[in-house]
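Q: show me how the following folds:
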Amino acid sequence: MTRRGIASLWAIVVLAVISLMTTAILGQMLATRRSLDAATHRIQAGHLVEAGERLARIKYKAHPAYSGETVVLLPNGNVVISVEPRGAGARRVTVVARFPTDRPRSVSITKTFDVGP
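A: Take a look at the predicted model:
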């Protein structure tokens, strides 16, 4: 082989190694981005479920016949509140928060609590 051939071969090897390293780095960046998005969605869903709990407690206190509702507290985030009788005037409230609602990988958090006498 000539010097020119050896230099060309080394250039191809170096470019291949650089390409592999770049692909690995981009893969790590995308995985980190997905992980951060998921963490953000879990935090937001947690805040939504807490807001839904407060809303349910306030509405039940104002109207003991409150039966629940679906509320959109944020764009792409909703809260479903359902109220079921437990006997002796007590009620079991279930709050389900989902965020974001426009993506296939949404986070859903459920909180259940009792209200009433």
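Q: okay, and the residue positioned nearest the centre of the chain sits in which element?
A: For the chain, the residue whose C-alpha lies nearest the mean C-alpha position (CA atoms, centre = their mean) is His41; its distance is 2.9 Å. His41 belongs to helix 3-62 when elements are defined using DSSP states H and E.
Q: any idea how far the residue nearest to the centre of the chain is from Val95?
A: Per CB to CB, to the nearest Å, His41 is found 17 Å from Val95. In this view, the C-beta of every residue, glycine as well, is placed from N, C-alpha and C.
Q: is Thr94 in a bridge, and if so with what?
A: Residues in a beta bridge with Thr94, per DSSP bridges, are Ser82, Thr112.
Q: contacts only, for it.
A: Applying CB atoms under 8 Å, 6 or more residues apart in numbering, we find Thr94 in contact with 81-84, 110-112.
Q: and of those, the nearest to Ala7?
A: Proximity to Ala7 was ranked across the contacts of Thr94 by CB to CB; first place goes to Thr110, at 64.1 Å.
Q: pLDDT at Thr101, what is it?
A: pLDDT recorded at Thr101 is 91.
Q: which phi and psi does it have?
A: phi -90, psi -10 (degrees, to the nearest 10).
Q: mind listing what it touches?
A: 76-78.
Q: adding secondary structure, pLDDT and neighbour count, write the residues you listed out as JSON lines.
A: As requested, the contacts of Thr101 are arranged in JSON lines below (DSSP: H, G, I helix; E, B strand; the rest coil; pLDDT from 0 to 100; neighbours: other CB atoms under 10 Å):
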{"residue": "Asn76", "secondary structure": "coil", "pLDDT": "92", "neighbour count": "14"}
{"residue": "Gly77", "secondary structure": "strand", "pLDDT": "94", "neighbour count": "22"}
{"residue": "Asn78", "secondary structure": "strand", "pLDDT": "94", "neighbour count": "19"}
